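K.L.:
Dropping a prediction and its sequence here:
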Amino acid sequence: MIRIVAAEVGRFPELGKAFYEHGPGLSYANFMAFLDAQVDNGKLVIEDTPRATDLFFGMLLHREVLSRVYGVKSTPLRERKRVAAAIVDEFLHCYGHR
């Protein structure tokens, strides 16, 4: 889907905006709200939740998305789950309650 939107956004700029607002942008907003709630509940220590959200999504999506977009490889589900768990562990190590 990312490839299709990227290929057509030049001809249909509203397509890119709509895709972002209803997909990645919505996910970012929801996750940021979740992080804010965890901070308010004292479960996480985050001074800048927009930055933490960017870091989390960046870690989670960077390798997988780029390898798929460029057709380099398809990572098996078991490996994607292992990487995702490691990313969550690192995120909590960084932002978990001290």
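P.N.:
Perfect, thanks for sending it. Numbers count the residues shown, from 1 in each chain.
K.L.:
show me what contacts residue 2?
P.N.:
65, 69 (CB atoms under 8 Å, 6 or more residues apart in numbering). In this view, the C-beta of every residue, glycine as well, is placed from N, C-alpha and C.
K.L.:
10 Å instead, please
P.N.:
Counting by CB atoms under 10 Å, 6 or more residues apart in numbering, residue 2 touches 19, 23-24, 65, 68-69.
K.L.:
what's the answer for residue 65, then?
P.N.:
Contact analysis of residue 65 by CB under 10 Å, 6+ apart lists 2, 57.
K.L.:
where does it land in three-state SS?
P.N.:
helix (DSSP: H, G, I helix; E, B strand; the rest coil).
K.L.:
State the distance from it to residue 2.
P.N.:
7 Å (CB to CB, to the nearest Å).
K.L.:
Touching the helix or strand harbouring residue 20 from outside, list them.
P.N.:
Using DSSP states H and E, residue 20 sits within helix 13-22. Helix 13-22 is contacted by residues 1-2, 4-6, 8-10, 12, 25-26, 28-29 when judged by CB under 10 Å, 6+ apart.
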